[in-house]
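Sequence unavailable; structure follows:
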């Protein structure tokens, strides 16, 4: 946990290209995509490892609202055990930077690939923690809209946190609009309806659990091996998944309202889980030792010249910065 960031107050204007970047030593790329990159870094005052998400402003000009929602969630998720959080955000002329907690266990996708097939106790524990994460997110007024193995991260002990809020939506009167998400994971109403509620995230949870149990997405033709896994799936898990991926949103909502009471989750001690006292039923490998730090510019090499943003374009990102001071 970062105790305090010795950053200046959250400026409305971009800081210089080196400025706050000099507060970190950088080590490697943790992940990358169309948005930019996530870098592993050490904050020099506290010596804490953090994940720094670097997002290029140029690719956000038509989706500024989305990055603002991501910032709101990362800031609001402070001290939530089941959502990734940010300790600070700042921006330069070209990029936005989110300084987030570093979860050394990697993604649930990586964990699945290294440990498949997952046993039922592992699936149950991870399902319960993802449910806690969804309940926390929905209580803040947001729908994730892209829950999948790659968007769940594990800490050093194996506890799960929902991550990547780049496609999240703020609910208005309990509803959201927009056809977004990852093919094979989205609920039917996202594809075919003007509005939908937060239970679309539970549909995605059902697909994720099916993937963990069988190695398949719902839309894939089963192989002989996966057919055997489906056949051997416990009746409680099968029923749990079927209720989550129900095509009828009203029926799914009725199930979600009492989801903790389902027999599949019967062994879960919810009080212990929600307080972080329930240990995962698996042991995480020790994180690899860090090598030497690497210059920021080496990690962020990009092709071609960046087109400078105009003053009016820079103004779109006013309010993106924040700094969190805490003593815990």
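On my side now, so go ahead. Not measured: the values here are computed from a predicted model. Numbers count the residues shown, from 1 in each chain.

The closest residue to residue 105 other than its chain neighbours and residue 196: what is the separation?
Leaving aside its sequence neighbours, residue 105 sits nearest to residue 154 (Cβ to Cβ, 6 or more residues apart in numbering; 3.0 Å). Quick note: C-beta positions are derived from backbone N, CA and C, even for glycine. Distance, residue 154 to residue 196, by Cβ to Cβ, to the nearest Å: 29 Å.

Tell me who's in contact with the closest residue to residue 34 other than its chain neighbours.
Among residues not flanking residue 34 along the chain, residue 59 sits closest, at 6.9 Å (Cβ to Cβ, 6+ apart). By Cβ atoms under 8 Å, 6 or more residues apart in numbering, residue 59 lies in contact with 34-36.

which secondary structure elements does whichever strand or helix holds residue 202 contact?
Assessed by DSSP states H and E, residue 202 sits inside helix 199-214. When contacts are defined as 3 or more Cβ pairs under 8 Å, 6 or more residues apart in numbering; DSSP states H and E, helix 199-214 packs onto helix 108-115, helix 120-139, helix 224-232, helix 235-244, helix 249-256.

Most tightly packed of these?
Comparing the helices and strands packed on helix 199-214 by mean neighbour count (mean count of other Cβ atoms under 10 Å), helix 120-139 ranks first with a mean of 21.

Can you list the helices and strands that the helix or strand just after that helix packs against?
The helix or strand immediately downstream of helix 120-139 is strand 142-143, counting by DSSP H and E. Contact partners of strand 142-143 among helices and strands, from 3+ Cβ pairs under 8 Å, 6+ apart: helix 64-76, strand 169-170.

Now the first one: buried residues?
Right, the one you point to is helix 64-76. 66-76 (16 or more other Cβ atoms under 10 Å).

by how many degrees do that helix and helix 120-139 diverge?
Here helix 64-76 runs at an angle of 110 degrees relative to helix 120-139 (axes from the mean of the first three to the mean of the last three Cα atoms, to 10 degrees).

which residues are in contact with helix 64-76?
Under Cβ under 8 Å, 6+ apart, the answer for helix 64-76 is 55, 60, 83-86, 89, 96, 98, 100, 137, 140, 142, 165-170, 316-317, 319-320, 322, 324.

Point to the residue nearest the middle of the protein.
residue 163 (0.9 Å; Cα atoms, centre = their mean).

show me what contacts that one?
83-84, 103, 151-153.

Now with 6 Å, please.
84, 151, 153 (Cβ atoms under 6 Å, 6 or more residues apart in numbering).

Nearest residue to it in space, ignoring adjacent ones along the chain?
Using Cβ to Cβ, 6+ apart, the closest residue to residue 163 is residue 84 (4.3 Å).

same thing with residue 121?
residue 281 (4.4 Å).

Can you report how many residues lie near that neighbour?
14 (other Cβ atoms under 10 Å).

ok, now residue 211?
22.

repeat for residue 302
10.

I'd like to know how far it sits from residue 70.
21 Å.

Just the residues contacting the lengthiest strand in the chain, thanks.
Longest strand in the chain, counting residues (DSSP state E): strand 24-33. Contact with strand 24-33 is made by 37-43, 51, 290, 293-294, 296, 299, as judged by Cβ under 6 Å, 6+ apart.
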